[in-house]
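**Student:** give me a 3D structure for the following:
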Amino acid sequence: MTTSVAVIGAGLMGSGIAQLIAAHGMDVSLYEPFDDARHAARDKILSICSAIGDPDECVDRIRISGDLEASVGSVDFVIEAAPEKIELKQELFAKLADITPSSALLGSNSSVIPISRIAKKLDDADASRVVGVHFWNPPYLVPL
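**Tutor:** Here you go, the predicted model:
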């Protein structure tokens, strides 16, 4: 069973995905490269908890970081929720392939870019780890 998850991006989708996973008892590393978004993530997640009646304690299972390698270095599953830009996603997945355990699944929340295009620049072994995991918006209303 997957017990450790990293979410890439603390925007609307990433924060919602992190909250959903943490509310179901899993540890989450939430990576966000931009300071403002990173600093707002905890309050955003607490707001989600309040809106849907989940206990605030799930936020204690979410570690928010601006360090990509520290966020994904030992997780079982990565869910990318970055902007819908193919070059950005390809660059990000190339980094993820290098710094995650070889057993980690690499998921994209992309709604429009085919997974094969996101994984196009990876070798076959790493490309086989890339999967689509598109969440409905808002993600915290998706039953697990």
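
**Student:** biggest helix in this protein by residues?
**Tutor:** Using DSSP state H, we find that the single longest helix of the chain is helix 35-52.

**Student:** run the chain-centre distance for it.
**Tutor:** Offset of helix 35-52 from its chain centre (CA atoms, centre = their mean, to the nearest Å): 15 Å.

**Student:** what packs against it?
**Tutor:** Helix 35-52 sits against helix 12-23, strand 62-65, with contacts defined as 3 or more CB pairs under 8 Å, 6 or more residues apart in numbering; DSSP states H and E. No exception for glycine: its C-beta is placed from N, CA and C like everyone else's.

**Student:** dump stretch 128-144 to CSV, keeping only the CA atoms.
**Tutor:** The C-alpha trace of stretch 128-144 is given here as CSV (Å, rounded to 0.1, in the frame of the first residue of the first chain):
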residue,chain,number,x,y,z
SER,A,128,6.7,3.3,-17.6
ARG,A,129,6.4,4.8,-14.1
VAL,A,130,4.4,7.8,-15.4
VAL,A,131,0.6,7.6,-15.0
GLY,A,132,-2.4,9.9,-15.4
VAL,A,133,-4.2,10.7,-12.1
HIS,A,134,-6.5,13.5,-13.1
PHE,A,135,-8.6,14.7,-10.1
TRP,A,136,-12.0,16.4,-10.4
ASN,A,137,-12.1,20.0,-9.3
PRO,A,138,-12.2,20.5,-6.4
PRO,A,139,-10.3,17.4,-5.6
TYR,A,140,-11.3,17.2,-1.9
LEU,A,141,-14.9,16.3,-3.0
VAL,A,142,-13.6,13.1,-4.7
PRO,A,143,-14.4,10.0,-2.6
LEU,A,144,-11.4,7.7,-2.1
